[in-house]
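Q: coordinates only, sequence not included:
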């Protein structure tokens, strides 16, 4: 898969520390993270030192309220580590003013006093640049919480990180890097949930992902994220919740899913996402909640689901979705709420539902007709509840001995009910059909209409 071309932004320049100025794309497509960085990063912040694929340093920009102190805790897994505090000059070169060496693994905690530094921002914060370096090995560095603080209220003062060739943990409630806006990283080992819940993260300038196996929750909860680089995901087999809750993302570069088996909740809650990125989904088995709550997606042009088995809530609450391609569900074993609350989706391609036990995938959708819906001996639940746009439904039954059926909340006409009754099989045990009554179609059924169903063993409610 080739790298996705990024699109330029309309002209804008950040002049002060706050508020953040969100750029607007000049045309639809993924935003260039480098351009986003240059246009949104406050001009009065210290310049970050350059990093590359050479072992050795992590740089963290820390902002301290003027006249205050902040905690800077770290957890170090192994190897001697050198911690330096200082600033950068106009060229981005690091200038050290305080040095601390840590020779043992464990949790360390430093106090950074604003009075020790002089570089101010326009919003009355003093800046300190921290350099973490090591001479050998590859220690794991965790940006953690102060000792004894297990609350969720503490927030790290780190605003930006640049790192090269290290093992670094940035995501999850333990780190609380909720003010970090930018990240640049080369050649490091990825932890689980890389940036999870970094709610201020706007752009990732560079991220080496070669060799990643599990990208689960990597950006989950990054509600401000708008730009990421092209990522090498060729070895990743698990993408669960990778971008879940990224409510500001509109477009993404191409994603290589050729070795992946699960995309559960991959884009769930990405409410601003306009379209799916280029991706090969032919190997995916688990599509659960794949684009659930993606309320801005209107059309899906192509999607290979030939190996899919689990489709629960795959398109649930995609309220703007109007068109989907042919969906191969021949291997499906579960499809609960697959199209629930897809209000704008009036038509879907034919589905294989023969292997499904619970056919309750259409509730509250805008689908108007289901003709020849496949029903097999496995079917134990059949529900059309709250399908207010439904005007026609018939079944294609194979060895089915019935189950309870619900039309509650629908508005089928008398003629539609008659056609449905005609498609029902004869059953040996009585099952109940709950009729809808929004427009009174059920109340207009005649005795002879009802006998079409009751003579086959069905009970009408």
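A: Received it, and whenever you're ready, just let me know what you need. This structure is a prediction, so every number in the text was calculated from the model and none was measured.

Q: got the buried residues for the strand or helix carrying residue 452?
A: Per DSSP states H and E: residue 452 is located in helix 447-454. Neighbour counts over helix 447-454 (16 or more other CB atoms under 10 Å) mark 449-450, 452-453 as buried. All C-beta atoms are positioned from the backbone trio N, CA, C, and that covers glycine.

Q: Closest one of those residues to residue 304?
A: Closest approach between the buried residues of helix 447-454 and residue 304, by CB to CB: residue 453, at 39.5 Å.

Q: Tell me the pLDDT of the nearest residue to that closest one once chain neighbours are set aside.
A: Counting by CB to CB, 6 or more residues apart in numbering, residue 421 is the residue found nearest to residue 453 once chain neighbours are left out, at 4.2 Å. On pLDDT, residue 421 comes in at 98.

Q: ok, now the one 3 residues further on?
A: According to the predicted model, the pLDDT of residue 424 comes to 98.

Q: what do you get for the one 5 residues further on?
A: For residue 429, the pLDDT comes out at 93.

Q: hang on, the earlier thing: and the host helix or strand of the residue nearest to residue 453, what does it pack against?
A: Following DSSP H and E, the helix or strand that holds residue 421 is helix 414-423. Packing contacts for helix 414-423, counted by 3 or more CB pairs under 8 Å, 6 or more residues apart in numbering; DSSP states H and E, involve strand 392-398, helix 447-454.

Q: what's the closest of those to residue 146?
A: When those are compared (using CB to CB), the closest one is strand 392-398, at 60.4 Å.

Q: Could I get the buried residue list for that closest one?
A: Within strand 392-398, the residues scored as buried using 16+ other CB under 10 Å are 393-395, 397.

Q: and if you look at stretch 75-93?
A: 75-76, 79-88.

Q: Also stretch 367-381?
A: Neighbour-count burial for stretch 367-381 [16+ other CB under 10 Å]: 367, 370, 373-376, 379.

Q: swap in stretch 44-55?
A: 44-46, 48-49, 51, 55.

Q: In CSV: the helices and strands packed on helix 414-423, plus distance to residue 317 and mean pLDDT.
A: Output for these, formatted as CSV (distance: least, CB to CB, whole Å; pLDDT from 0 to 100):
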stretch, distance to residue 317, mean pLDDT
strand 392-398, 22, 96
helix 447-454, 33, 97
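
Q: Which among the ones you listed is found nearest to residue 39?
A: Closest to residue 39 of the helices and strands packed on helix 414-423, according to CB to CB: strand 392-398, at 52.4 Å.

Q: now that closest one against helix 414-423, angle please.
A: Interaxial angle of strand 392-398 relative to helix 414-423 (axes from the mean of the first three to the mean of the last three CA atoms, to 10 degrees): 0 degrees.

Q: what is the rounded mean pLDDT of whichever helix or strand comes after strand 392-398?
A: In the C-terminal direction, the helix or strand that comes right after strand 392-398 (DSSP H and E) is strand 405-406. For strand 405-406, mean pLDDT is 97.

Q: For strand 405-406, which outside residues touch it?
A: 382-385, 431-434 (CB atoms under 8 Å, 6 or more residues apart in numbering).

Q: which of those tops the neighbour count?
A: residue 384 (25 neighbours; other CB atoms under 10 Å).

Q: Excluding chain neighbours, what is closest to that one?
A: Spatial nearest neighbour of residue 384, excluding adjacent residues (CB to CB, 6+ apart): residue 407 at 5.3 Å.

Q: what does residue 248 give?
A: residue 226 (5.1 Å).

Q: what does residue 90 give?
A: residue 47 (7.1 Å).

Q: coming back round to it: quick check: the residue nearest to residue 384 vs residue 429, distance?
A: Distance of residue 407 to residue 429, given as CB to CB, to the nearest Å: 20 Å.

Q: Mind checking which of those two has more residues around it?
A: Legend: neighbour count by other CB under 10 Å for residue 407 and residue 429, higher for residue 407 (27 against 8).

Q: And that one, how close does it get to residue 323?
A: For residue 407 relative to residue 323 (CB to CB), the value is 26 Å.

Q: and the strand or helix carrying residue 185, what does it pack onto?
A: Per DSSP H and E, residue 185 falls inside strand 182-186. Contacts defined by 3+ CB pairs under 8 Å, 6+ apart place strand 182-186 against strand 158-164, strand 203-207.

Q: Make a markdown table out of those and add mean neighbour count, distance to residue 140 and mean pLDDT.
A: Below are those laid out as a markdown table (neighbours: other CB atoms under 10 Å; distance: least, CB to CB, whole Å; pLDDT from 0 to 100):
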| stretch | mean neighbour count | distance to residue 140 | mean pLDDT |
| --- | --- | --- | --- |
| strand 158-164 | 23 | 12 | 92 |
| strand 203-207 | 22 | 17 | 93 |
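
Q: Could you dump those into TSV with distance to residue 402 added?
A: Listed next are the helices and strands packed on strand 182-186 as TSV, based on distance: least, CB to CB, whole Å:
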stretch	distance to residue 402
strand 158-164	61
strand 203-207	54
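
Q: Identify the residue with the minimum pLDDT among the buried residues of stretch 75-93.
A: Scanning the buried residues of stretch 75-93 for pLDDT, the low point is residue 79. It has 67.

Q: Which parts of the stretch 301-450 of the chain are strands?
A: Assigned by DSSP state E, counting those that start in this stretch, the stretch 301-450 of the chain shows strands spanning 358-359, 369-376, 381-383, 392-398, 405-406, 431-434.
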